[in-house]
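Colleague: No sequence on hand, only this structure:
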C-alpha cells in the first residue's frame, strides 16, 4: 500500500445545505479541547439575534480553518487589486478530487 498518495474524500453537499445560511456575526469561544463557532444573524431593530449555525472544531482543525481563510482572503485581495471580480459562472464547488482545508 502506497501511503505517499493522498486519499480522495468524496464530499456530499445536499441541496438544502448548498443554499447556505446568511450570518453577519460570529462568536468564537474555546475550551482545552475544542473551538466553538456560532454564526448569528442580527436583524436591525430586533431585540434578539438567532444562532443560525454552530460548528465545533478541534484546535488542529481550527488552525487549518484559520490558514485556509487567510489564504482565501489573500487571493480575494489580489483579485480586488487587479480589478477582477468573482465570476460565479466559472465557480466549481469543491467536490471529489479537489483538495480543501479546514
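Modeller: Yep, it's here. Predicted model only: the values in this text are computed from it and were never measured. Residues are numbered from 1 along each chain as shown.

Colleague: Show the average pLDDT along the longest helix seen in the chain.
Modeller: Of all the segments assigned as helix in the chain under DSSP state H, the longest by residue count is helix 59-82. Average pLDDT, helix 59-82: 92.

Colleague: That helix: how far from the chain's middle?
Modeller: Per C-alpha atoms, centre = their mean, to the nearest Å, the displacement of helix 59-82 from the mean C-alpha position of its chain is 10 Å.

Colleague: show me where this structure has helices.
Modeller: Under the criterion DSSP H, the chain carries helices at the ranges 15-18, 59-82.

Colleague: Which of those helices sits closest to residue 29?
Modeller: Of all those, the one in closest proximity to residue 29, counting by C-beta to C-beta, is helix 59-82 (11.3 Å). All C-beta atoms are positioned from the backbone trio N, CA, C, and that covers glycine.

Colleague: what stretches of this structure score poorly on pLDDT?
Modeller: Across the chain, the stretches falling below the confidence threshold (pLDDT under 70) are 1-5, 85-102.

Colleague: Excluding chain neighbours, give the residue nearest to residue 30 in space.
Modeller: With C-beta to C-beta, 6 or more residues apart in numbering as the measure, residue 36 is the residue that lies nearest to residue 30, at 6.8 Å, once sequence neighbours are left out.

Colleague: Cool, thanks, signing off.
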